[in-house]
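Participant: The following block contains a protein sequence and its predicted model.
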Amino acid sequence: MLYETLSQIKPLDRELMTSVKHRVDHLIKPQGSLGALEDIVVKLSGMTGNPFPMTDNKAIIVMCADHGVCDEYVASAPQSVTLQQARNIPRGLTGVGSMAKQSHTKLYSVDIGINTDFEDTYIIPHKLMHGTNNMRKGPAMTREIAVKALEIGIQMAYHAIDEGANILGTGEMGIGNTTPSTAILSVLTGQSPFEITGMGANFPADKLKHKATVINDAIVLNKPDASDPIDILAKVGGLDIAGMAGTMIGGAAKGVPVVIDGFIATVAALIACELSPSVKDYLLPSHASLEKGAKLATDTLGLEPFIHMNLRLGEGSGALLAFGLIEAACYMNKEMITFDEAGIGIV
């Protein structure tokens, strides 16, 4: 399923983008005066094949999973918080959950690897493992599981789109997940974990060297192949990261824009784009995360975030905030008239 889906990703409609840009340039405003909003709607038209794209049916898919590397004391919160927050998200009780109410965004909370068995009708069950293995002692998961996690992300993107979503956002909930994210980023960029390891969810600054050592040990032990994104996921990745990468691939295959959240989602985007560079055409950034490795991740991906609000929560919260700006761009394109339509000649 993974490789069939990758083969379905089409190039952007560049001819339509040129046409839409010409019209946007002649809307009744100074050319370029709405900045990134203009760029967003031009890119959306290329993704969707629609000169007047809309993003009014919003959905965020939150991948929830635990990480065995937490056995190495790399997180400030207990792993039980993963399940607690996975339950709270679709009930509207977390950061992304509360803001989803305001923006009328549908939330999908997916158990792709929580380390506890439970029943909850609010959570979509796709458990592949009871959390990944401790990557400091061996591979986080098998290659087969990594592929399955990517495919669950694809399936969830398809499911949300089938239920009417015309824009997706990626979110995650997994205590300790900045550790595998940093490991992946280190492998892909060649940067030392000692240079890019950050605080995650308020991990004490005086223990960051230990966290970086754990990441470095995992990379040295498992020797992930930097040219093989699935090998990287399997050896030092996470189920939530793989699931988000799959969501991006699924959205791209359906011609539906996917908004990247913060640091962890951006690392997932790097994996998705390693599998197919065409995925990047269907991604929109959201915010500049305060996590230490975030700027390296966004620079490596090559998509400039347009929200600067000192965010670092995760859950999809930054992607959700970006939805409002993206929808504003769509309404600008749809509702504004051109100088010609207004009967005003441009001097």
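Facilitator: Looks like it came in fine.

Participant: Please give the element, helix or strand, for the nearest residue to Ser45 once chain neighbours are set aside.
Facilitator: Taking C-beta to C-beta, 6 or more residues apart in numbering as the measure, Ser45 lies nearest to Val20, with 4.3 Å between them; neighbours along the chain are not counted. Yep, even glycine has a C-beta here, placed from its N, CA and C like the rest. Using DSSP states H and E, Val20 maps to helix 14-25.

Participant: can you list contacts of that helix?
Facilitator: Contacts made with helix 14-25 from outside it, assessed by C-beta atoms under 8 Å, 6 or more residues apart in numbering, are listed as Gln31, Gly32, Glu38, Val41, Val42, Lys43, Ser45, Gly46, Gly49, Pro51, Asn333, Thr338.

Participant: ok, the first one - contacts?
Facilitator: Residues in contact with Gln31 (C-beta under 8 Å, 6+ apart) are Asp25.

Participant: what about it, distance to Thr338?
Facilitator: Taking C-beta to C-beta, to the nearest Å as the criterion, Gln31 is separated from Thr338 by 12 Å.

Participant: now do the fifth one
Facilitator: With distances defined as C-beta to C-beta, the gap from Val42 to Thr338 amounts to 15 Å.

Participant: Neighbour count for the two, which is higher?
Facilitator: Under the criterion of other C-beta atoms under 10 Å, the comparison of Val42 against Thr338 puts Val42 first, with 23 against 16.

Participant: if we can go back for a sec, how many other residues sit next to the residue nearest to Ser45?
Facilitator: In terms of burial, Val20 registers 23 neighbours under the definition other C-beta under 10 Å.

Participant: mind checking pLDDT for it?
Facilitator: Confidence at Val20, expressed as pLDDT, is 98.

Participant: now the helices for the stretch 151-300 of the chain?
Facilitator: Counting by DSSP state H, counting those that start in this stretch, the stretch 151-300 of the chain forms helices over residues 178-189, 193-196, 208-222, 229-236, 239-253, 263-275, 294-301, given from the N-terminal end onward.

Participant: angle of the first one against helix 208-222?
Facilitator: Put plainly, it is helix 178-189. Counting by axes from the mean of the first three to the mean of the last three C-alpha atoms, to 10 degrees, helix 178-189 points 60 degrees away from the direction of helix 208-222.

Participant: so where's the stretch 201-347 of the chain shaky on pLDDT?
Facilitator: Within the stretch 201-347 of the chain, the stretches with pLDDT under 70 are 201-204, 346-347.

Participant: Next one: the closest residue in space to Phe52 that isn't next to it in sequence relative to Ala342, how far apart?
Facilitator: Closest residue to Phe52 apart from its sequence neighbours, by C-beta to C-beta, 6+ apart: Lys334 at 5.0 Å. Lys334 sits 16 Å away from Ala342, taking C-beta to C-beta as the criterion.

Participant: how about the strands of this protein, start to end?
Facilitator: Shown for the chain, the strands assigned by DSSP state E span residues 58-65, 106-113, 123-125, 167-173, 258-259, 283-284.

Participant: can you put the ones you listed in a markdown table and add mean neighbour count and distance to Ser192?
Facilitator: Shown next, in a markdown table, are those (neighbours: other C-beta atoms under 10 Å; distance: least, C-beta to C-beta, whole Å):
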| stretch | mean neighbour count | distance to Ser192 |
| --- | --- | --- |
| strand 58-65 | 30 | 26 |
| strand 106-113 | 26 | 28 |
| strand 123-125 | 17 | 37 |
| strand 167-173 | 31 | 24 |
| strand 258-259 | 28 | 30 |
| strand 283-284 | 25 | 27 |
